[in-house]
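Colleague: I need the structure of the sequence given here:
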Amino acid sequence: MEKRKIDIPQRLTQNMLTPQEECLEIPQKKAKLFIGIPKERSFQENRVALSPAAVKTLVNAGHKIVVEEDAGLEAGFLDFEYSEAGAEIAYSSEQVFKAHVIIKVAPPSLQEIDLCHPGQIIISPIHLPSLSEEYIYRLKKKRVTALAMEYMKDQSGIFPFVHSMSEMAGISAMQTAAELLSKSGNGLGILLGGIPGIPPAKVVILGAGVVAEVATRVALGYGAEVRVFDNNIRKLMRLQGNLRQKIYTGTFNSPELEVELRDAEVVIGAIHSEIGRTPIIVSDSMVKNMKSGSVIIDVSIDQGGCFATSRMTTHDKPTFIEYDVIHYCVPNIVARIPQTSSKAISNILIPFFLEAGGTQGIEALLHSSPGFRNGVYMYKGCLTNKYLSDFFNVKYTDLNLLLASNL
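Modeller: Numbers count the residues shown, from 1 in each chain. Coordinates of the predicted model:
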């Protein structure tokens, strides 16, 4: 009996000291991404998806990056800087589109889609008013996976691209409004903030998100009189709290909205949709009743716009007049400040790519990151965005089912 009491611990000790193959941790091999940055040629886009500093970070992490010649020139980044950061400089779009991952700050053109290859991943914004059925079918035919930056979420559940661009868009929107109110901008020839003895301009802001909050701060800084409308009371309360001062607020369905629009010199559309088109808040007749020479800045135009009279414009010809009201409906308003916005986009994208490098690539990241996955609207040629499916009457496939079938 005594011998058995001794032998059992000895055997256990011996087994514990003997390496067990099935218990050894196998280190995960990091994925190396091949990323292409083409030169933007549409929408008068001046931004670039990655700055030289961002390229250096990703190259140091083991990723390969090819940048088209002069891709960063309009944002103030030279080819020499990209080369010094470790990128390869390409002298044609065809060379760039050999990369497995393409990053753009404007939606890919039809010509660029023709350069795509099956299995390729495209990350870019989408401008809903510019999309067509042909565009969707071209992407399907190429069997690519496409993600919209504005629908991607970070680990905290916010839309980082929208949040960052919205901060800059709020500032740009009010600066643009001040310019358009001047006589040289074909406006009323008034000062946004007024002066002693002369009342300030009235600014109506639709939405109470980031664009609205920043635009409100800028407008109040100018000295303008501000009204903010949103159906989300919680957002209106948060806006009041963040501003630390009382301002006039209301809801979209209140009769006061139409009254305030009639008296406004500036109206900012600042509504973001999480899944598809923004709702139209201001009808045709409401615009018709606005002051002659007043200004509409529709920051929501990249998602269709929240004014019935809005239609997409460009930086070359940013405005049009409807019912004697000046409309500014440029989808990439922050392209006016390309260096700042390019650095901001880089800061958003770097964490995703570093995470992808540690999780066996973009495909694995789609499985592991719900926020990143939220940006997918096309997966290997299958349309996975319900809004686009309904709008273009194209077959919809649930992304989760597609990912499950690829496990």
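Colleague: If I look at the residue most central in space within the chain, what pLDDT would I see?
Modeller: Among the residues of the chain, the one closest to the centroid is Glu150, at 3.1 Å (Cα atoms, centre = their mean). Per-residue pLDDT puts Glu150 at 89.
Colleague: Verify the stated contact: it with Gly276.
Modeller: No - between Glu150 and Gly276 there is no contact under Cβ atoms under 8 Å: 11.3 Å. Where you see a C-beta, it was placed from the backbone N, CA and C, and this is true even at glycine.
Colleague: list residues touching both of these two?
Modeller: Here Glu150 and Gly276 have Gln303 as joint contacts, going by Cβ atoms under 8 Å, 6 or more residues apart in numbering.
Colleague: residue boundaries of the strands in the stretch 251-400 of the chain?
Modeller: Using DSSP state E, counting those that start in this stretch, the strands of the stretch 251-400 of the chain run over 266-269, 295-298, 319-322, 325-328, 376-379, 382-383.
Colleague: So in that sheet, which strands flank the first one, and in what orientation?
Modeller: Strands that pair with strand 266-269, judged by DSSP bridges, come out as strand 202-206 (parallel), strand 295-298 (parallel).
Colleague: How far does that strand sit from its chain's centre?
Modeller: Relative to the centre of its chain, strand 266-269 is centred 20 Å away, using Cα atoms, centre = their mean, to the nearest Å.
Colleague: Please list the residues outside it that contact it.
Modeller: Contact with strand 266-269 is made by 173-174, 177, 181, 192, 201-207, 211-212, 215, 219, 224, 261, 278, 281-282, 290, 294-301, 305-307, 310, as judged by Cβ under 8 Å, 6+ apart.
Colleague: buried stuff in it?
Modeller: Within strand 266-269, the residues that qualify as buried are Val266, Val267, Ile268, Gly269, counting by 16 or more other Cβ atoms under 10 Å.
Colleague: do you know how far the third one is from His117?
Modeller: When you say that, I think you mean Ile268. 42 Å (Cβ to Cβ, to the nearest Å).
Colleague: swap in Pro38?
Modeller: Between Pro38 and His117 the distance, using Cβ to Cβ, works out to 14 Å.
Colleague: Which of those two has more residues huddled nearby?
Modeller: A count of neighbours by other Cβ atoms under 10 Å puts Pro38 above the other of Pro38 and His117, at 26 against 12.
Colleague: Contact partners for the more buried one?
Modeller: Contact partners of Pro38, counting by Cβ under 8 Å, 6+ apart, are Glu68, Ala71, Ser93, Val96, Phe97, Ile102, Lys104, Glu112.
Colleague: related to what we said a few turns ago, dump the strands paired with strand 266-269 into CSV; add distance to His315 and mean neighbour count as well.
Modeller: Shown next, in CSV, are the strands paired with strand 266-269 (distance: least, Cβ to Cβ, whole Å; neighbours: other Cβ atoms under 10 Å):
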stretch, distance to His315, mean neighbour count
strand 202-206, 23, 26
strand 295-298, 14, 30
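Colleague: low pLDDT regions in the stretch 101-250 of the chain?
Modeller: For the stretch 101-250 of the chain, applying pLDDT under 70 flags no range at all.
Colleague: Could you pull out the strands in it for me?
Modeller: With DSSP E, counting those that start in this stretch as the criterion, the stretch 101-250 of the chain has strands spanning 101-103, 121-124, 145-148, 202-206, 225-229, 248-250.
Colleague: CA atoms only for stretch 166-173 - export them in CSV, please.
Modeller: Output in CSV follows, covering the C-alpha atoms of stretch 166-173 (Å, rounded to 0.1, in the frame of the first residue of the first chain):
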residue,chain,number,x,y,z
SER,A,166,-17.6,65.1,-40.2
GLU,A,167,-15.5,67.2,-37.9
MET,A,168,-13.7,68.7,-40.9
ALA,A,169,-16.9,68.9,-42.9
GLY,A,170,-18.6,70.9,-40.2
ILE,A,171,-15.9,73.5,-40.2
SER,A,172,-15.8,73.6,-44.0
ALA,A,173,-19.5,73.9,-44.4
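Colleague: Can you name the residues in contact with it?
Modeller: Counting by Cβ under 8 Å, 6+ apart, 209-218, 268, 270, 272, 297, 299, 333-334, 336-337, 340-341, 344 sit against stretch 166-173.
Colleague: try stretch 137-144
Modeller: Stretch 137-144 has contacts (Cβ under 8 Å, 6+ apart) with 110, 113-114, 116-122, 146, 378, 380-383, 394.
Colleague: Mind listing residues that contact stretch 180-189?
Modeller: Against stretch 180-189 from outside (Cβ under 8 Å, 6+ apart): 179, 190-192, 201, 265-266, 291, 293-295, 297, 319, 321, 326, 328.
Colleague: The same query, at a cut-off of 6 Å, please.
Modeller: Glu179, Ile190, Gly293, Val295, Ile326 (Cβ atoms under 6 Å, 6 or more residues apart in numbering).
Colleague: hey, C-alpha coordinates of that stretch in CSV?
Modeller: In CSV, the C-alpha atoms belonging to stretch 180-189 read as follows (Å, rounded to 0.1, in the frame of the first residue of the first chain):
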residue,chain,number,x,y,z
LEU,A,180,-21.5,82.1,-50.5
LEU,A,181,-23.4,84.7,-48.5
SER,A,182,-21.1,87.4,-49.8
LYS,A,183,-21.9,89.3,-53.0
SER,A,184,-18.9,87.6,-54.7
GLY,A,185,-20.6,84.3,-53.9
ASN,A,186,-23.9,85.5,-55.5
GLY,A,187,-25.4,85.6,-52.0
LEU,A,188,-27.3,88.2,-50.1
GLY,A,189,-24.1,90.2,-49.4
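Colleague: Could you shift the numbering so residue one becomes 30, and keep it that way?
Modeller: Sounds good: first residue 30 from here, last item stretch 209-218.
Colleague: List the buried residues of it.
Modeller: Buried residues in stretch 209-218, counted by 16+ other Cβ under 10 Å: Leu209, Leu210, Gly214, Gly216, Leu217.
Colleague: Likewise for stretch 394-412?
Modeller: In stretch 394-412, counting by 16+ other Cβ under 10 Å, buried: 394-396, 398, 400-412.
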